[in-house]
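Peer 1: Give the three-dimensional model of this entry:
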Amino acid sequence: MDEKTVFNRKILILIIIISFWTSIVKAQITSDWGDVVDVNYSLWEDAAHTIPVSGNIDQDLTYIYLSASSTVPENILDMFPQANANYIQKFKEALIGLAVNEQKDFVILKKDHPYEDRGDLFYQVKLLKIHYDASEEESSGTTSTTTRTSPVNDLFAPIIIIGGVVIAGVLFAIFTVRSSRQTQKVLSKERSSSVIRETGIREQKSQLKELRELTESFGEKPEAPEKGEVKFRRRR
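Peer 2: Residues are numbered from 1 along each chain as shown. Below you'll find the predicted structure:
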């Protein structure tokens, strides 16, 4: 296995680990009914987002309670006195299923909002933070993609991310060490083979040299009789 193939395998494994862990983290921070969230929004008069509504561009809304009603339960108010649920229901519905730092464009039709002097409302929102999940206390006909059970997701999310990075780093290091050891074994075998070949060549050269020296020590070779010449030995 050459070094390029080993390197490509390392990169592929690292990408798979990071992609898998990113999907887990994203699933852990998806908004649902009952959450208390922070969002940033901009409001436009047109779908192309070229005509801004004065005073409604790049605004933050904090501690929004995603509820089917306009009231916030007492237990939520005890933890978050600033929690507010008095927003257009369609606006809150649009926030369901968003991940932290995810952006979404949506429109609230004129028939669905209470502002008689305005037409359709073209929103651009970004989910900034999820403070709390109260999905077990809140029910709605709208179903989101993910439901969490921990009330401290803003604490668990960084832990999950850091844990994923650590695990990916450890696995990558282990794979690198194993690959290096395999490479060293291959190189060691190649060196051993080269040494054996060189030793064999040297031995052959030495044997040839000894044979040449031995041959030369006998002097010149006797001339062989010419062809056709037959010598007889007289018997006594």
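
Peer 1: so how far is Arg197 from Arg191?
Peer 2: Arg191 sits 11 Å away from Arg197, going by C-beta to C-beta, to the nearest Å. C-betas here are computed from N, CA, C, even on glycine.

Peer 1: Which neighbouring elements make contact with the lengthiest strand in the chain?
Peer 2: As assigned by DSSP state E, the longest strand anywhere in the chain is strand 121-132. Helices and strands touching strand 121-132, by 3 or more C-beta pairs under 8 Å, 6 or more residues apart in numbering; DSSP states H and E, are strand 36-44, helix 89-95, strand 103-108, helix 153-217.

Peer 1: Tell me which of these sits nearest to Tyr132.
Peer 2: With respect to Tyr132, and counting by C-beta to C-beta, the nearest of those is strand 36-44 at 4.3 Å.

Peer 1: buried stuff in the helix or strand following the closest one?
Peer 2: With elements assigned by DSSP states H and E, the helix or strand that comes after strand 36-44 is strand 59-65. Buried residues in strand 59-65, counted by 16 or more other C-beta atoms under 10 Å: 61-65.

Peer 1: Identify the residue nearest Leu43 in space, chain neighbours excluded?
Peer 2: Asn56 (3.7 Å; C-beta to C-beta, 6 or more residues apart in numbering).

Peer 1: With Ala94 instead?
Peer 2: Phe106 (4.5 Å).

Peer 1: Counting neighbours, what do you get for the one you found?
Peer 2: Neighbours of Phe106 under the rule other C-beta atoms under 10 Å: 14.

Peer 1: Name all residues that make contact with it.
Peer 2: Counting by C-beta atoms under 8 Å, 6 or more residues apart in numbering, Phe106 touches 94, 123, 125.
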